[in-house]
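[1] give the three-dimensional model of this entry:
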Amino acid sequence: MSHPAPRIQCSNPHCVASNTLEAHFCHRCNTPTIKRYLWSDKAVTLDESNDSSADNRYLAISPQIFLDTKPSKPPLTPEEVPVDIVAYLQLFPCYPHIPQVYGLLDNTEAWLLDYGTVPHSLSGELKYPEQLLPKLTSLWSSATAFQQLNWLWQIAKLWKPLLGRKVGSTLLNPDLIRINGQVLQVMQLQADVEYQPSLRNLGDLWLAWSDNADTLVRDVIKQMAICLQTGKISDIRQAIAILDQAITKCRKGSKYSYQIYALSDSGPNRSNNEDAAYPIHADYNNIPTSENSLAIVCDGVGGHEGGEVASSETIKYLRSKISKLSLGEQEYSPGKILGKLAKYINGSNDIISRRNDSEKRQDRQRMGTTLVMALSSVHEMYLAHVGDSRIYWITPNSCHQVTTDDDLASREVRLGYAVYRDSLQYPQAGALIQAIGMRDSAALHPNLQRYMIEDDCIFLLCTDGLSDFDRVEQHWRHRVLPVLNGKKNLADAVKDLIEIANRDNGHDNVTVALVHCQVSSNTNSSRGAILWSDVESALNEESVLNADNLTDSFVDSVPLEERPAEETKIPDQPIGDTIGEILPPKKKPGWLKPLILGLVTFTIVGLLGSFLLNILYFEPEDENSPSLQEKDSEVQRQDN
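    Numbering: from 1, shown residues only. You can find the predicted model right below:
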């Protein structure tokens, strides 16, 4: 029996026209089509008579690979979050290393997992049709020394958060460790059922890989694996420090250069611009190039003479502080740089917060700003963010959102209450839970990350004037990728994105910054093998295990249930505008039922107590009734 050719709907929710799978743009509204390939955590066999699709929506490429043909439609999710996916939700800040739960296949127990973009052609053909993403082991022997060290470094970063969620054995299963561009991703989480994974187990795996390691780093990887096996490395941060030193020595064979171009626009429907960016270059034909660079984008909150002050003052303060950092100097370890950035962000927060206090601004009248910041230091990229402005990492085959919004929707996910695409349907889902300047810095928790740069790539920083409604996911291939291919200059790409934001969104100010990273061979550097003796000193450095030596936010993450109550509490007054108002409410989260029941019970008890007190205090007195003082004493005894 023949079936009609599968088709895909337009990702524009106001269009949803049906298009062929090969279409690059919607034939009706010209919106770029989104090919969202998903992985099922369980193999699913579909009846051929069912046209190889599930829920009349997901096109089956293989028993575990599906294409969402209706990307603008919210996926199916159950009323209650099942226990077996809670770990994915709590590890949400580790995205894109950990896949995001997308939705449930109807009439099955299979969950679909989202990895952002996966390698495929413009026409939608998967580069790895059976695996979705290539295994690390299949690429290992042909990888460069830098890549091998970088992959181990990313595994080491994930060790602590996965172990804390009792899924550490995931990192010991080579079949689950995949590579997507420059990002290491796990296909799915594996629960620690039989045993508690240890660093010794990790050492066993790395020792097996060391035999096929690049000769430049084989000795380092082998000896590090032995130290993990024997307990000489007893904390994963020691392994990270070793890999940091080895990567620093390895990268000397390459030359790194960075260019930044940023623009800010008030948008078609706003009279003033509360956004701000750095750097703004007057001559877009002469963009400077350097080994170290800084890009900042802020989206102000608080209206005219509020948000624009907060955003511009934050950039001014951060620029002045970061300019004094001697990046690349030996005394500035990665942990110390991240610690300095956290300190500076808190400092900018205090400046705005004190001004709010001095001007007696309260609640939503307080000025504040979101922040995204990218600081490069040769082969390292340091990222920081507060609020819902975003950073995307674009490589020739992938576009990864590497920040998670500080909003109510993301908080629901991190607490394990809801799947992300489900939580977006709640009213006020996009309301901010933190922004710079709104509260004291003790309540501010900047999100800090660090990545190693292997090859040419672009970091896109933007406010929600662009990122809303998946505009980056729709347009990165056609508007940003040509910069990496040498077919477009940086300034034109930024201008294109500003135009798209104003045309297709238009509800807010918009600010975009592109950081173009270029890596070339350093002919002036002689490359010799890196020996264990060259990096072993990192094991003996006290700073490695110093509590003040900060690393990435999710490396030193503390389980939410172990954090102070004030950190996990959702604020009574969410900050700023929300995108929740333009999304239809879907359903109440499962945890609301017991909450509502508790409130009803509390109300009934309160009314009953009030009734009894009225009887005690206001019934007519007679000569045999107790005095008011006696009644007071009796009530106090009952309270005690």
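[2] where does residue 327 land on pLDDT?
    For residue 327, the model assigns a pLDDT of 80.
[3] what about residue 135, neighbour count?
    Residue 135 is flanked by 16 other residues according to other Cβ atoms under 10 Å. Heads up, the C-betas are built off the backbone N, CA and C, glycines and all.
[4] likewise for residue 59?
    Residues contacting residue 59 under the criterion other Cβ under 10 Å number 19.
[5] from the chain's centroid, how far away is the helix or strand where residue 259 lies?
    Using DSSP states H and E, residue 259 falls within strand 254-265. Its chain's C-alpha centre and that of strand 254-265 lie 22 Å apart, by Cα atoms, centre = their mean, to the nearest Å.
[6] list of residues touching the following helix or strand past that strand?
    Once the chain leaves strand 254-265, the next helix or strand it forms, by DSSP H and E, is strand 275-278. Contacts of strand 275-278 with the rest of the structure, by Cβ atoms under 8 Å, 6 or more residues apart in numbering, involve 262-264, 294-300, 308, 311-312, 314-315, 319, 369, 463, 465, 509-513.
[7] narrow the residues you listed to just the buried residues.
    Among those, those buried by neighbour count (16 or more other Cβ atoms under 10 Å) are 262-264, 294-300, 308, 311-312, 314-315, 369, 463, 465, 509-513.
[8] just the ones in helices from the contacts of strand 275-278, please.
    308, 311, 312, 314, 315, 319, 465 (DSSP state H).
[9] may I ask which two of those are separated the most?
    Greatest spacing in the ones in helices among the contacts of strand 275-278, by Cβ to Cβ: 319 and 465 (22.4 Å).
[10] who does residue 66 bridge with?
    In this entry, residue 66 is beta-bridged to residue 38, residue 60, by DSSP bridges.
[11] give me the distance between it and residue 267.
    Residue 66 sits 37 Å away from residue 267, going by Cβ to Cβ, to the nearest Å.
[12] okay, these two: which has more neighbours?
    Each of residue 66 and residue 267 has its neighbours counted (other Cβ under 10 Å); residue 66 has more, 28 against 20.
[13] quick one: mean pLDDT for stretch 28-48?
    Mean predicted lDDT for stretch 28-48 stands at 89.
[14] which parts of that stretch are buried?
    Residues of stretch 28-48 classed as buried under the neighbour-count rule (16+ other Cβ under 10 Å) are 31-41, 44, 46.
[15] quick check, pLDDT for residue 198.
    So residue 198 comes in at 98 (pLDDT).
[16] count the neighbours of it for me.
    15.
[17] now swap in residue 249 and tell me
    Look at residue 249: counted by other Cβ under 10 Å, it has 20 neighbours.
[18] quick one: it from residue 533, how far?
    12 Å.
[19] wait, isn't residue 67 in contact with residue 8?
    Yes. Taking Cβ atoms under 8 Å as the definition, residue 67 is a contact partner of residue 8 at 7.5 Å.
[20] the two: which has the busier surroundings?
    Higher neighbour count among residue 67 and residue 8: residue 8, with 24 against 21, using other Cβ under 10 Å.
[21] who are the packing partners of the helix or strand hosting that one?
    Assessed by DSSP H and E, residue 8 sits inside strand 7-9. When contacts are defined as 3 or more Cβ pairs under 8 Å, 6 or more residues apart in numbering; DSSP states H and E, strand 7-9 sits against strand 18-20.
[22] how far does the strand it packs on sit from the chain's center?
    31 Å.
[23] count the residues that sit near the nearest residue to residue 507 once chain neighbours are set aside.
    Spatial nearest neighbour of residue 507, chain neighbours left out: residue 269 (6.4 Å); criterion: Cβ to Cβ, 6 or more residues apart in numbering. Residue 269 has 11 neighbouring residues, counting by other Cβ under 10 Å.
[24] thought residue 269 was touching residue 509?
    No. Using Cβ under 8 Å as the test, residue 269 is too far from residue 509 to be in contact (9.6 Å).
[25] which parts of the stretch 451-600 of the chain are helices?
    464-467, 471-479, 481-484, 490-500, 532-535, 565-568, 592-618 (DSSP state H, counting those that start in this stretch).
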